[in-house]
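[1] Got a predicted structure here, sequence first:
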Amino acid sequence: TDGPFFFSFHYIPRSHSFRHAIALLVFVFSLIFRTGLVAEQRPNFLIIMADDCTYNDLPVYGGKNALTPNIDRLASQGLVFDRAYLTSAMCQPCRAELYTGQFPMRNGCAWNHSASRPGTTSMPYHLSSQGYRVGLAGKVHVKPKASFPFETVAGFDPNCVRNPTRDHDLNGLEAFINKDSKQPFCLVVALVEPHVPWVMGDASIYPPEKIQLPANIADTQRTRSDFGRYLAEITYMDGQVGEILRSLEHSGKAKDTIVFFTSEQGSQFPGCKWTNWDTGLHTALIARWPGKITAGQRTPAMVQYADVLPTIMELAGGVSEEKGFDGTSFHKVLSGLEKSHRSFVFGMHNNVPEGPPYPIRSVFDGEYHYIRNLEPNEIYIEKHLMGSNGDGKLNNPYWATWVFASSDDEATYELVKRYTRRPAETLYHTAEDPFEMKNLINQDNLSDIQGRLASELDVWMKTQGDPGSAQDSLQALNASRRGEHRYIPPSK
C-alpha cells in the first residue's frame, strides 16, 4: 500500500457522492498520464532508406538477381506495401516529401538540388512536440537547415558520390538509440547505396552473363557489367540493413520500435530515376512492429511518401490533421483494419538542373497510369546519365553502348527512342505491364479511364498551385534556392 499514486477510497467521506469518487479517479489518472508513463507505451521509429534502388530489383518485389537476405527477413517479419510511391523520382524532393508530409509544390522542394520554402516544418518539429528525440544518420540532402533540424547521428557517410563510400560504424546509432530509455526516439538512417558510383560490394558474385536484365534495360555487355556493380551495391546496402537491425535488437528496444525500410526512387538506369514511369516513382516500403503488425503479410493499399509522417504522428499520439499535411495516416493499414488507402497517387518531375527543361506530371489509380509530358516537342536529356563531365566517374558509359547498338538492334533502338522522344500523353495498364512498355493512349475502349485520370491530374495540379512548364526553369529553381519561391499553392 505505498507508491506515488496509492490512495484509498476509505479516505472519501461517506457524505460525498459517487460522482466525487469518479472525479478523483480522473484526477489520479491525469497525474499518471503527466508522469510520462504513456510515453513508454508509444513506439520508437526507425526509418532505413536506400538510395537510388529500383523497387523491383529487390527479390521481395520480384527481382531476379540481387541477394538481399536481411531485407527478405525483414519482409517476413512485417508488412510489405505492394503499391507505395513517391511524388518525384529524385533524391531531394522525395526526402523533403517524406520528412514534411507535403507534396513538392507545397513544401517547395520541386526540383533536385533546390530548397523547401522558408518556414516549412518537418519531422523534427512535429515529433519533438510529442516528446521524441529525432535524429538522422547518413545522407541529409534537404534544405534549408532551419526547416529540417535533425539531431546529427554519426557513423554513416553523408556523401552519396564519394568513391569509395566511407566505412560505417554503429557507435553513433547505438548511442542515440540507447541515450534515454524514458524518451521515445525517431531515427532516420539514410544510406548512400546503391547510388552511383557503383564501387561498393563484391561484383564478382554477379557474373554479367548470368544477369537477367529487366525489360526496360537494353542488353549490351557494358550494361551487364554496370548492372552487376549496381547489384553488388544493393547487396552491400542489405548488409548495412542487417547490421542496423541487429543493433536495434541488442538495445532491447526492437519490440517497441516500428521499423520502416524504403528503397527511395529508381536506379540511375534509363526509365527509372528522373522519370515518372513506374520504375522511377514506385518504391519499396516494409513496416515491422513485433506483436502489432502481423508478420509475413502484403497489402495492396496505395500510399505515398507524404503519408508516412502523418502515420508516424498518429502513432506517436499527435494530431496529424492540424499540421498542414498533404498526406494522411495509414495506421489502419498497418493494423490490418483496412486494405486500401489512396484512390490515386500523383507524380511530378522538373528536369532542371539535371538537364534542359522537360516537365512531366502523372497520376495512377492502381491499375492504369496516365503520364503527361508537358513539352513533347523537346528531346529529353538527363546529363548525368547520357553525358560526361570531368573524369566521368559519376556518369554512365553504358548509355553510349545503347546508342551504338541502336543502329543494328531494333529493341535497343526502341528503348533509346522511348527515353529521348516522348509523346504528349501516355497511358499504361501498369498492373499488367509493370515496365510500362505498351502505350495505350487514345484507345477507344479506354477513353473513360483516360479522361478520368486526366481530370484528376488537372485537379491535383490546381490544388498544388502547379503552373506546369513554367516551374521547370532555371529562374524558378534559383528563386527557390534564395527562399523566394515563385509559385505557391493555395491555402488548404
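    Received, thanks.

[2] Spit out the contact partners of the most centrally placed residue in the chain.
    Per CA atoms, centre = their mean, the C-alpha nearest to the average position across the chain is that of E264, at 4.5 Å. Residues near E264 by CB atoms under 8 Å, 6 or more residues apart in numbering: M49, A50, D51, D52, C53, L86, C91, C94, R95, T283. All C-beta atoms are positioned from the backbone trio N, CA, C, and that covers glycine.

[3] Swap in 6 Å and give it another go.
    The contact partners of E264, by CB atoms under 6 Å, 6 or more residues apart in numbering, come to M49, A50, D51.

[4] T257 too?
    By CB under 6 Å, 6+ apart, the neighbours of T257 are N44, L46.

[5] Checking G135 next. Helix, strand or coil?
    Secondary structure, DSSP: H, G, I helix; E, B strand; the rest coil: G135 is strand.

[6] what pairs with it across the strands?
    E151, L187 (DSSP bridges).

[7] didn't it look like it was pressed against V188?
    No - applying CB atoms under 6 Å, one finds G135 not in contact with V188, separated by 7.2 Å.

[8] So which of the two has more stuff around it?
    Between G135 and V188, counting by other CB atoms under 10 Å, V188 is the more crowded of the two (24 against 21).

[9] Could you report the pLDDT at that one?
    With respect to pLDDT, V188 scores 99.

[10] got it, and T1?
    32.

[11] Same check on S8?
    35.

[12] right, and A424 touches E375 too?
    No - applying CB under 6 Å, one finds A424 not in contact with E375, separated by 9.0 Å.

[13] Name the residue in those two with the higher neighbour count.
    E375 (18 against 12).

[14] does the more buried one count as helix, strand or coil?
    Assigned with three-state DSSP, E375 falls in the coil class.

[15] Check the gap between the nearest residue to V199 once chain neighbours are set aside and K393 for me.
    Distances taken as CB to CB, 6 or more residues apart in numbering place P164 nearest to V199, at 5.0 Å, with adjacent residues excluded. Using CB to CB, to the nearest Å, P164 is found at 11 Å from K393.

[16] Who has more neighbours out of those two?
    In this view P164 and K393 are compared by other CB under 10 Å, and K393 has more residues nearby, 12 against 9.

[17] The more buried one: which element?
    Following DSSP states H and E, there is no helix or strand that holds K393.

[18] if I look at it, how far off is P69?
    With CB to CB as the criterion, K393 and P69 are 30 Å apart.

[19] cool, F156 as well?
    Distance from F156 to P69, by CB to CB: 20 Å.

[20] Of those two, which one has the most company?
    Ranked by neighbour count (other CB under 10 Å), F156 and P69 place F156 first, with 23 against 13.

[21] Touching, that one and H168? I think so.
    Yes - shown here, F156 and H168 form a contact pair, counting by CB under 6 Å, at 4.9 Å.

[22] And for Q183, nearest residue in space, chain neighbours not counted?
    R133 (5.8 Å).

[23] which residues in this structure form strands?
    Applying DSSP state E to the chain gives strands spanning 44-49, 79-85, 133-138, 151-153, 185-190, 257-262, 282-288, 297-304, 345-349, 360-364, 369-373, 425-428.

[24] right, so of the ones you listed, which gets closest to G239?
    G239 lies closest to strand 44-49 among the strands of the chain, at 12.3 Å (CB to CB).
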